[in-house]
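> structure for the following, please:
(one chain, ligands or ions: 1)
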Amino acid sequence: MQQALHRSSLVPRGFVVESAYYEGDKAIVVVRASGSVGLCPSCGTVSRSVHRRYRRRVTDLPLSGRIVQLLVIARRFRCGAVLCGRQIFTERFAEGVLAPSARRTASLDSIVHHLGLALGGRPAAGFAKRLMLPVSKDTLLRVVRRRSRRPTDPLKVIGVDDWAWRRNHRYASIICNLERRRVVTLLPDREPATAQAWLSAHPTIAIVARDRGGGYGEAAAKALPHAVQVADRWDLMENASRTFLDAVRKSMRQIRTVIGATTINPKLLTAAERLQYEGYLRREETNAAILALSKNGIPIKQIVRQTGHSRKLIRQVVRGECHDVFRTRQSSLDLHLPWLDEQWASGCRNGAELWRRLTGLGFRGSLRVISEWATRRRRAERADTKLAEDSVGQDDRAPHDNRAGLPHESGDRHGRGDRSWRANLGRGTRDHCRIPHDDPPQDRGGSHDVDRARPR
Ligand SMILES: [Zn+2]
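Numbers count the residues shown, from 1 in each chain. Below you'll find the predicted structure:
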């Protein structure tokens, strides 16, 4: 028995076909919902009052080797319920036909999901293209993820740490499932009591990774006395690297002597660095005096009385915990130094121009930072040239000219503090700026072991 094929049987149920046409290689089918009323999603009231109509483009299953797009003429209804907070709502379609805001019909979405599951992102995208289902590899993965069920197995291993809503202003606590690598929840603050209450409600937790502060530890100990507490990896790394830097800082003088980067040229410093350098020279004098006293066997207590410096400072100096020439500080420029070097090498040497371009790349520092960098670069190059001219015929310079015991590269990519020794380590012993000091700081007190060990 034959049965007539209705146009509306070619589109998902609940739609009526208005018209159809080809647009390039696509078949466009204009449809509208067959029903005349809308159901408010907030209160469930039936509405017949249409606010306006709009069009949605939705991809459907292919037909005769063509991509099919439904042009849905959808409606917005007014909700007439007095107590409903929603005044206007968009038309909803039957479950399993078209989800709100979806770009694909439910039947197409289901096929996309299965393709993604079976083949993964990229291969499934290639295969889908042959099947006339235009979806990208990212969409495939997104559909798989969206449809995956949330795991419901009990929490066992969690990490808890501070989390900033707004840095330096408002903090919360974040709790992560370390087995699934997922955020479990955010607690509204970082009070131990809040964390304790949450942890108490999750007795299945067996391991808590946390920072090394006491707050979360105390909360975990009270809420989950059976759970093992471990230091979290980030904190361990942070502590290890800080300890390493401290150790290096204490041995800076030896390191510089070994790598031969031992001359500083005050002419190449920025104004701020020069201030730091002058301060350093003053500190060195003090340190030398303190060390001389200490070497003579005078106890710390008496040195305090004699010099008027604090007990803390004297203990630091005697233990060799003094700080380096330049303060170690992350510069806003650090990230962009390779780019700047490249630009400099290719001939762009105008500070303002460099700043403008760098701002376009996301740099948020001021023009001054860049122009200072450019000035320093220029000075360094000039000094290099001058040095090259001077050194012709003067190659047999006396070794003690190279003696100040301080770091600084004239090229100053890694301007200050411990960054300069890193750079120097990388570069070997090339010494750019051998302009001698009349009175190098180490020679004033002359009491450091390393200074004595150095050949004169
Ligand atoms: Zn309503």
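> from the stretch 201-350 of the chain, which residue is nearest to the ion?
Among the residues of the stretch 201-350 of the chain, residue 201 lies nearest to the ion; the distance is 35.5 Å by C-beta to the ion. Any C-beta I mention is one placed from the backbone N, CA and C, and that applies to glycine too.
> now that residue: phi and psi?
Note on residue 201: backbone dihedrals following degrees, to the nearest 10 are phi -80, psi 0.
> and residue 122, what helix or strand is that in?
For residue 122, the element it lies in under DSSP states H and E is helix 121-130.
> who touches that helix?
Counting by C-beta atoms under 8 Å, 6 or more residues apart in numbering, the neighbours of helix 121-130 from elsewhere in the structure are 112, 115, 116, 118, 119, 134, 135, 136, 137, 138, 140, 141.
> now do the helix or strand following that helix, average pLDDT.
Scanning forward in sequence from helix 121-130, with DSSP H and E defining helices and strands, the next element found is helix 137-147. Helix 137-147 shows a mean pLDDT of 91.
> which other helices and strands does helix 137-147 contact?
Other elements packing on helix 137-147 under the criterion 3 or more C-beta pairs under 8 Å, 6 or more residues apart in numbering; DSSP states H and E are helix 106-119, helix 121-130.
> what's the first helix or strand after the host helix or strand of residue 186?
Take DSSP H and E as the rule and residue 186 turns out to sit in strand 182-187. Sequence order places helix 192-200 as the next helix or strand after strand 182-187, per DSSP H and E.
> any weak-confidence spans in the stretch 301-450 of the chain?
321-331, 384, 386-450 (pLDDT under 70).
> I misspoke; the intended subject was the stretch 151-300 of the chain.
Scanning the stretch 151-300 of the chain for pLDDT under 70 picks out 151, 260-264, 270.
> ok, which stretches of it are helices?
For the stretch 151-300 of the chain, the helices defined by DSSP state H, counting those that start in this stretch occupy 192-200, 214-223, 233-250, 252-259, 271-295, 300-307.
> can you list the domains in the protein?
Residue ranges for the domains of the chain, per automatic domain parsing: 1-102, 104-149, 157-231, 248-391+398-453.
> related to what we said a few turns ago, buried ones among the contacts of helix 121-130?
Burial of the contacts of helix 121-130 was assessed by neighbour count (16 or more other C-beta atoms under 10 Å); the buried members are 112, 115, 116, 135, 137, 140, 141.
> quick check: the residue of the stretch 351-456 of the chain nearest the ion.
residue 362 (45.4 Å).
> got phi/psi on that residue?
With angles defined as degrees, to the nearest 10, residue 362 shows backbone torsions of phi 100, psi 0.
> just give me how far stretch 340-359 sits from the chain centre.
Taking the mean of its C-alpha atoms, stretch 340-359 sits 25 Å from the chain's own mean (C-alpha atoms, centre = their mean, to the nearest Å).
> nearest spatial neighbour of residue 203, chain-adjacent residues omitted?
Here the nearest residue to residue 203 in space, its sequence neighbours aside, is residue 224; by C-beta to C-beta, 6 or more residues apart in numbering that works out to 6.9 Å.
> for this structure, which residues are neighbours of the ion?
Counting by C-beta under 5 Å from the ion, the chain comes close to the ion at 40, 42, 43, 45, 79, 81, 84, 86.
> what's the most distant pair in the residues you listed?
Based on C-beta to C-beta, the longest span within those runs between 45 and 86 and measures 9.6 Å.
> find residues that contact each of those two.
Counting by C-beta under 8 Å, 6+ apart, the common neighbours of residue 45 and residue 86 are residue 79.
> gap between the closest residue in space to residue 269 that isn't next to it in sequence and residue 334?
Computed as C-beta to C-beta, 6+ apart, the closest residue to residue 269 that is not its neighbour in sequence is residue 277, at 6.0 Å. Counting by C-beta to C-beta, to the nearest Å, the separation of residue 277 from residue 334 is 20 Å.
> returning to what we had before: what is the neighbour count of the residue of the stretch 201-350 of the chain closest to the ion?
8 (other C-beta atoms under 10 Å).
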